[in-house]
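**Q** Pasting a predicted model and its sequence here:
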Amino acid sequence: MKKENVLVAGANGTTGRIIVDLLKESNKYKPVALVRKKEQKEDFESNNVSAILADLEEDLSSTTENVQKVIFAAGSKGKNVKGVDQEGAKKLTDAAKKSGASKFVMLSSMGADNPSVNEEMQDYLQAKQNADEHLKSSGIAYSIVRPGSLNNNDGSGKIKLEKKFDDFGEIPRADVAKTLVEVLDDNVRHNEVFEILSGDTEIEKAVRS
């Protein structure tokens with residue numbers, strides 16, 4: 001079985017690097033790192049990971065040419081939520097759609113369904129909401145994953161998953177990364193939006209139940 005190429009936007013970020021490592025170990029997928037700097041590209045390539053040099057604020061039309069799936073895990077850390085978190089995601093969605101990618105997995109955030117819940121984060125959540133809505137109406141198959149606050153604790157491999165939680169919570173980046181990779185599967189959470197927090201259900205099972 002030929003491995004599917006998965007483009008990882010935000011590959012050089014903390015969560016992105018975990019995603020790339022998971023894809024490297026996978027027998028179904030092969031990571032393609034989307035990075036902004038030449039030295040990042042060289043760094044990935046020296047570790048046998050294909051990399052594409054592109055800026056999410058520039059033209060992305062050629063970035064998805066030879067990829068079957070996309071994971072968007074990029075973020076501007078609040079520096080440029082409109083340019084990166086919103087418009088970058090929208091442009092990459094359009095590129096993936098145009099080149100015939102079969103699935104787009106979006107790392108969103110709890111609260112993106114109602115940005116006014118958090119005044120401090122409102123601009124960010126609004127940007128995520130706009131990106132999510134654009135993906136939903138794009139016509140490409142998607143899974144939109146909305147975790148609680150990310151922490152750097154060790155992943156447990158277990159989560160709880162709901163369409164919508166009543167309260168906020170936390171989750172390790174490693175468990176978010178694993179969830180994003182698990183839902184790349186065409187039949188898993190097809191065209192669904194859901195939230196995840198730390199929990200007691202194995203990720204493979206949680207996303208398929």
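**A** Structure's in. What do you need?

**Q** switch to C-alpha atoms for all contacts and neighbour counts from now on
**A** Fine.

**Q** what about the strands in the protein?
**A** Ranges of strands within the chain are 4-9, 29-35, 50-53, 69-72, 103-107, 142-147, 149-151, 158-162, 170-172, 192-198, 201-202, based on DSSP state E.

**Q** got the ones you listed as CSV, with distance to Gln122 and mean neighbour count columns?
**A** Shown next, in CSV, are the strands of the chain (distance: least, Cα to Cα, whole Å; neighbours: other Cα atoms under 10 Å):
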stretch, distance to Gln122, mean neighbour count
strand 4-9, 23, 24
strand 29-35, 27, 25
strand 50-53, 30, 20
strand 69-72, 20, 26
strand 103-107, 17, 25
strand 142-147, 15, 26
strand 149-151, 15, 15
strand 158-162, 22, 20
strand 170-172, 18, 20
strand 192-198, 18, 21
strand 201-202, 31, 15
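
**Q** now those in TSV, with distance to Glu120?
**A** Shown next, in TSV, are these (distance: least, Cα to Cα, whole Å):
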stretch	distance to Glu120
strand 4-9	25
strand 29-35	28
strand 50-53	32
strand 69-72	23
strand 103-107	20
strand 142-147	18
strand 149-151	14
strand 158-162	25
strand 170-172	17
strand 192-198	20
strand 201-202	31
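
**Q** CA atoms of the longest helix along the chain as CSV?
**A** Under DSSP state H, the helix in the chain containing the largest number of residues is helix 122-136. Extracted in CSV, the C-alpha atoms of helix 122-136 (Å, rounded to 0.1, in the frame of the first residue of the first chain):
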residue,chain,number,x,y,z
GLN,A,122,-11.7,36.8,21.2
ASP,A,123,-9.7,37.8,18.2
TYR,A,124,-8.0,34.5,18.0
LEU,A,125,-11.2,32.5,18.5
GLN,A,126,-12.9,34.6,15.8
ALA,A,127,-10.1,33.9,13.4
LYS,A,128,-10.4,30.2,14.1
GLN,A,129,-14.1,30.3,13.7
ASN,A,130,-13.7,32.0,10.3
ALA,A,131,-11.2,29.5,9.2
ASP,A,132,-13.4,26.6,10.4
GLU,A,133,-16.4,27.9,8.6
HIS,A,134,-14.5,28.4,5.4
LEU,A,135,-13.3,24.8,5.5
LYS,A,136,-16.8,23.5,6.2
